[in-house]
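Visitor: What follows is a protein structure lacking sequence information:
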């Protein structure tokens with residue numbers, strides 16, 4: 001090996017060591033300013049609800065403001081892209097979900113779940129529900145299907161194009177041969193007024209979004225995703241119990257930050273978020289919103305994301321769902 005090669009190797013080693021030391025130095029001082037949690041859907045969405053509960057506790061524990069910023073649009077893509085392109089310093093963190101994995105396979109996105117982000121922690125999972133306005137004559141999924149069959153092309157549903165609600169709508173159409181029409185929204189919560197008024201007949205949304213309206217007698221929940229009935233809605237059957245096992249998506253939520261963020265800072269974020277999620281009052285608040293709370297290491301989330309991307313890629317390929 002010649003002298004020039006040795007010099008280059010030595011320079012690379014010194015540079016790498018310098019980068020590592022710089023990352024450690026930043027992590028020791030981190031955070032020195034407010035942190036932004038990006039919720040890629042609107043207020044009241046599952047991402048938003050979880051982000052605000054966790055942000056409050058992280059802010060208390062860290063004595064540093066944590067601000068939740070809603071960045072809806074492009075089926076959640078705007079919030080994801082904002083985080084992917086943010087300065088990789090740990091001050092911009094997005095709470096992503098299964099919807100963003102699904103969206104990669106059914107529409108064009110400008111982010112890659114596995115390349116553009118550093119995994120921070122899982123936050124938990126939440127069932128999706130099928131809801132109708134409280135004035136709807138449908139009292140069960142079977143009755144809703146019967147109404148839709150009797151009025152082909154006349155029943156509509158609210159969905160975020162390319163997201164889980166859109167996928168569930170397509171699966172319901174396929175499972176029962178229905179002709180129902182999608183009405184696009186930036187976020188499922190943007191459809192609330194139209195659902196309550198009856199302008200939208202079917203609402204696929206997260207438990208967190210639907211529960212407050214159900215408790216106020218504004219909507220009726222006919223079915224819930226998941227292997228078992230939700231603890232907060234024990235009287236509502238699962239989609240499998242309703243005879244619709246393919247219309248069944250339980251959404252996972254997780255915190256991510258920009259891919260190039262130094263590991264010491266990612267680890268610091270992980271410690272504080274895990275500490276917050278594992279606090280009893282946070283877990284109780286998440287459970288009351290319909291969330292099954294769970295935290296993880298960065299490595300566990302990395303493995304989960306790889307598994308979920310592969311799993312959903314196959315599910316969606318087999319389903320034939322595609323949005324141009």
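Guide: All right, it came through fine. This structure is a prediction, so every number in the text was calculated from the model and none was measured.
Visitor: Report the mean per-residue pLDDT for stretch 259-270.
Guide: The average of the pLDDT scores along stretch 259-270 is 97.
Visitor: List the buried residues of that stretch.
Guide: Taking 16 or more other C-beta atoms under 10 Å as the neighbour-count basis, stretch 259-270 is seen to contain the buried residues 259, 261, 262, 264, 265, 266, 268, 269, 270. C-betas here are computed from N, CA, C, even on glycine.
Visitor: Check the offset of it from the chain's centre.
Guide: Taking C-alpha atoms, centre = their mean, to the nearest Å, one finds the center of stretch 259-270 at 21 Å from the center of the full chain.
Visitor: residues of the top strand by length along the chain that come out buried?
Guide: Counting residues, the longest strand found in the chain (DSSP state E) is strand 117-133. By neighbour count, and taking 16+ other C-beta under 10 Å as the criterion, the buried residues in strand 117-133 are 117-133.
Visitor: what's the answer for stretch 246-258, then?
Guide: By 16+ other C-beta under 10 Å, the buried positions in stretch 246-258 come out as 247, 248, 249, 250, 251, 252, 253, 254, 255, 256, 257, 258.
Visitor: Can you list phi and psi of the fifth one for me?
Guide: If I follow you right, that is residue 251. The phi/psi pair for residue 251 (degrees, to the nearest 10) reads phi -90, psi 130.
Visitor: One more: the first one?
Guide: Reported as degrees, to the nearest 10, the phi and psi values for residue 247 are phi -90, psi 60.
Visitor: just to revisit the earlier point, how about JSON lines for the buried residues of stretch 259-270, with secondary structure and distance to residue 176 added?
Guide: Written out in JSON lines, the entries for the buried residues of stretch 259-270 read as follows (DSSP: H, G, I helix; E, B strand; the rest coil; distance: C-beta to C-beta, whole Å):
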{"residue": "259", "secondary structure": "coil", "distance to residue 176": "42"}
{"residue": "261", "secondary structure": "coil", "distance to residue 176": "46"}
{"residue": "262", "secondary structure": "coil", "distance to residue 176": "51"}
{"residue": "264", "secondary structure": "helix", "distance to residue 176": "52"}
{"residue": "265", "secondary structure": "helix", "distance to residue 176": "49"}
{"residue": "266", "secondary structure": "helix", "distance to residue 176": "45"}
{"residue": "268", "secondary structure": "helix", "distance to residue 176": "49"}
{"residue": "269", "secondary structure": "helix", "distance to residue 176": "44"}
{"residue": "270", "secondary structure": "helix", "distance to residue 176": "43"}
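Visitor: For residue 109, state which of those residues is nearest.
Guide: Residue 109 has its nearest neighbour among the buried residues of stretch 259-270 in residue 259, at 15.3 Å by C-beta to C-beta.
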